[in-house]
Every structure is written in structure tokens, then in C-alpha cells.
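Student: Take a look and give me a structure for this.
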Amino acid sequence: MIYYAIPLILSLIGVNSFEFKHTSSKKRYLLWIVICVYMILLIGLRFEVGGDTLSYMGDYQWRPSLSEWELNFLDKYQPGYTLLCAVGKSLSNEFYVFQLIHATIFNVLLFYFIKKYTRYIFAAFISVFLCCYLYFATEVLREVLAVMVFTINYESFKEGKWLKYYLGVVLAMFFHVSAVFLLFLPLLRNLRFNRNYFLILLGLSFFLFLSRNILTAISSFPLFMGKIDSYINSTSTGFLSDFLNLLRYFFLPFCFAIVLKFFIHREVKFENMLAILCLVGLASYFNYIIFGRLSNYFILFFAISIVDFCVPALKSRRKMIRQFGALFTVVYFALFASQFIMYKRYTRWMPYYSIFNPVSVNRDNYGDK
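Tutor: Down below sits the predicted model:
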């Protein structure tokens, strides 16, 4: 636990010293670099921390070195990931070498993204850590690289620089096939929280509810029976878990945006990204296996957007603004902190062991549902 508490404590010091007091100095950037380096080493030198990490470790054993690597689109893992494995394998057969390469790329891109889009960098790191950091860093090792390519390429999407954007999409797809949906994302570029958006939500809800019934009917045919069932039963994590995900990825960002835009008349940072996140969050409630993972591409924008409002709101002289800032801070913390407890999910990351103290423990948090 202490290993994860250290960067959070350092970040809280940064919030108190540089963000609540509106001060900036070389110490601020030095502390930011220290936290980044610490996270690279913490994640890069871990030993069997993260449920999916164990699967990646097994796969890494038979990966070829760089001299034998071949571009293979038929590999179940995408070429970008296998290339990184080949680089790591050329240096050492030990998986931690690949972990260090992966952790360096992920953390540098993440810390750059946070630094680029908010002045409240330490509060933003705490926000990201709470909602998705450990999951990104130790579970979805391939997809998170696709996610980071998209986030770094966000300006191209926002400004309509389509050649650069689609080159980024191709690069993202080299790391994870889920990025293919980014090819169609420009169709939603003008999506905002307005009257038309409410109609879209109603239409999407009706369509998804209807499509579930259609899939149920089709599944009665022997030809489709096995495959369709796996899709319509995709919310098998349980009602409470599904409901909490709906709160996290739909209701909270939706209410946050509506309050800012229509009640206190503030700009919603990354409004388009939050609007898309809400659609994905709503859709994932109906079919998690199809839509659930897509929220990974937008959650970082929400994590920064809510910090950009809450930190100055908590310092505001207006009572109503302070109350909204406190409300969203508490609700955000409660909803995303609860995911660590659900089904003992914390066992994926705690206890922490490094390559200097290698201990194998059971990371299967699904075993005791």
C-alpha cells in the first residue's frame, strides 16, 4: 500500500504548495518529474502485479527478438505491441525489461498529456490514478498505448487536421484493434450537450433496448445460439457492478456537464469528448462486451475536465460554486474508489512486489464473487 501512497502524498504536497496557492517555480516541475520517474520505476519493476500482466508474461516467453521479428497482422496481438516485445527480448529475456519500456512510454505520454491540458497537474494525476491509472498501467498493456496515441493526437481531431489524425489512428490500431472505431469518430466531432443531444440519448436507448431483444430472438436459431448468447449476456458482472459503471461513465459526466453548462454557465472542457463518453457509457450498460472498453479512450479527458473545475471551485468566493466543487469531488472519489473494492479488485495490485522481492500471489479477483 505504501508504494502507491508515496506518489499520492507527493501529489497532495504539489496541490497544496503550487495549485491552491497559485505559485509556480522550478520546484513544481522538479516534483512533477520525480513523480513521473517514480511511477515508471514502480510499474516497470513490478513482479506479477496486475491480473493481465500474468498473461502477458506467459506470452512474452516465446516472443522472438528484434532480428527475428516479422510484421504479422494475423497475430492475436497487434504488430506495435509485438515490436515492443521484440525490442525488449533483444535486450533481455526477463519480462521486467519490457515492462520498463512499456512503463516509460505510457507514463511519459500520460504526464505530457496532463501537463499540456491543465495547470492543475498534481490534482489531475490524483484524479487519473483514482479512475484508471493502475488498470491502464498493468492490465490493458496493448490498448493503453492505442489510447495514449489518441489522446496525444487529440488536437488533430479537434482542429480537423484529418491526415495527421488518421495517421494517428493507424498507429493506434497497430497497438490494439479496438482503435478501429476511431476511423468513424469524426462523425461525432460536433456532438455537444444541447437539445439534439437529449434526442440522441433517447434514440440510442430505444435502439439498444430493441437490438437486445432482436439478438435474443436470433439466438433461438441453432446456427447463432452460442455466439449471440455471449453478447446478450455481456453484463454478467452483476446488477450492482453494471449500475455503478453506468453512474461512473454516464450519469456523473452527464450531470457534471449539464450543471456546468446550464446552471453555472461555465465552459465544459473537452465537451465533445465527454458527450461521446456519455454515449459509450450508456451503450455499455446494454452491452458491455461491445461498448465497455471504448470508454478507455475518453476517460482521461473526463478526469482532467472535472479537476479543471473542482480545484478552482473549491477556492471560489461564491458559496454555490464551492458546493458544486465539493459535491463533484466527493461523488467522483466515491464512485471511482468503489471500483477497487468491488469483487476484491484491489487484489490485482495489492500487495505490491517488485523484481527485487519476487513473490507470487493469487491475483484472480473474480474467484470469490
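Student: List phi and psi for Ser354.
Tutor: Phi and psi for Ser354, reported as degrees, to the nearest 10, are phi -110, psi 170.
Student: who's in contact with the nearest residue to it once chain neighbours are set aside?
Tutor: Distances taken as C-beta to C-beta, 6 or more residues apart in numbering place Leu45 nearest to Ser354, at 4.8 Å, with adjacent residues excluded. For glycine as for every other residue, the C-beta is placed from the backbone atoms N, C-alpha and C. Taking C-beta atoms under 8 Å, 6 or more residues apart in numbering, we find Leu45 in contact with Tyr96, Gln99, Leu100, Ser354, Ile355, Phe356.
Student: Just among these, which is most surrounded?
Tutor: Per-residue neighbour counts (other C-beta atoms under 10 Å) across the contacts of Leu45 peak at Gln99, which has 27 neighbours.
Student: In terms of helices and strands, where is that one?
Tutor: Counting by DSSP states H and E, the element that carries Gln99 is helix 95-117.
Student: for that helix, packing partners?
Tutor: Helices and strands touching helix 95-117, by 3 or more C-beta pairs under 8 Å, 6 or more residues apart in numbering; DSSP states H and E, are helix 26-44, helix 51-60, helix 79-91, helix 121-128, helix 134-138, helix 143-152, helix 299-314.
Student: List of residues touching that helix?
Tutor: The contact list for helix 95-117 (C-beta under 8 Å, 6+ apart) reads 32, 35-36, 39-41, 43-47, 56-57, 60, 84-85, 87-89, 91, 121, 124-125, 128, 136-137, 141, 144-145, 148, 151-152, 269, 300, 304, 355.
Student: List only buried entries from these.
Tutor: Neighbour counting by 16 or more other C-beta atoms under 10 Å classes 32, 35-36, 39-40, 43-47, 56-57, 60, 84-85, 88-89, 121, 124-125, 128, 136-137, 141, 144-145, 148, 151-152, 269, 300, 304 among the contacts of helix 95-117 as buried.
Student: is it possible to export the contacts of Leu45 to a markdown table including pLDDT?
Tutor: As requested, the contacts of Leu45 are arranged in a markdown table below (pLDDT from 0 to 100):
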| residue | pLDDT |
| --- | --- |
| Tyr96 | 97 |
| Gln99 | 97 |
| Leu100 | 98 |
| Ser354 | 97 |
| Ile355 | 97 |
| Phe356 | 96 |
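Student: of all these, which comes closest to Leu182?
Tutor: Gln99 (26.5 Å; C-beta to C-beta).
Student: distance of the closest one from Leu54?
Tutor: Per C-beta to C-beta, to the nearest Å, Gln99 is found 12 Å from Leu54.
Student: Next up, the contacts around the nearest residue to Glu139 once chain neighbours are set aside.
Tutor: Spatially, and ignoring its direct neighbours in sequence, Glu139 is nearest to Asp52 (4.5 Å; C-beta to C-beta, 6+ apart). Counting by C-beta under 8 Å, 6+ apart, Asp52 touches Thr138, Glu139, Val140, Leu141.
Student: Would you enumerate the residues in contact with the last one?
Tutor: I take that to be Leu141. Taking C-beta under 8 Å, 6+ apart as the test, what Leu141 contacts is Asp52, Thr53, Tyr56, Tyr81, His102.
Student: helix or strand for it, which one?
Tutor: For Leu141, there is no helix or strand it lies in under DSSP H and E.
Student: what's around Ala326, how many residues?
Tutor: The number of residues near Ala326, taken as other C-beta under 10 Å, comes to 13.
Student: after the worst-scoring helix or strand of the chain on mean pLDDT, next one along is what?
Tutor: Lowest by mean pLDDT, DSSP states H and E among the helices and strands of the chain is helix 225-232, with a mean of 47. On the C-terminal side of helix 225-232, the nearest following helix or strand under DSSP H and E is helix 239-246.
Student: For that following helix, could you pull out the residues that count as buried?
Tutor: Judged by neighbour count (16+ other C-beta under 10 Å), helix 239-246 contains these buried residues: Ser241, Asp242, Leu244, Asn245, Leu246.
Student: Could you list the low-pLDDT ranges of the stretch 51-200 of the chain?
Tutor: Applying pLDDT under 70 to the stretch 51-200 of the chain picks out no residues at all.
Student: typo on my end, the stretch 201-350 of the chain
Tutor: For the stretch 201-350 of the chain, the stretches flagged by pLDDT under 70 are 211-237.
Student: can you map out the helices along it?
Tutor: Assigned by DSSP state H, counting those that start in this stretch, the stretch 201-350 of the chain shows helices spanning 225-232, 239-246, 252-258, 271-286, 288-291, 299-314, 319-341.
Student: what angle do the longest one and helix 239-246 make?
Tutor: Right, helix 319-341. 140 degrees (axes from the mean of the first three to the mean of the last three C-alpha atoms, to 10 degrees).
Student: what sits up against helix 319-341?
Tutor: Outside helix 319-341, the residues that touch it by C-beta under 8 Å, 6+ apart are 127, 130-131, 244, 247-248, 252, 256, 259, 264, 306, 309-316, 345-346.
Student: With that, I have no additional questions.
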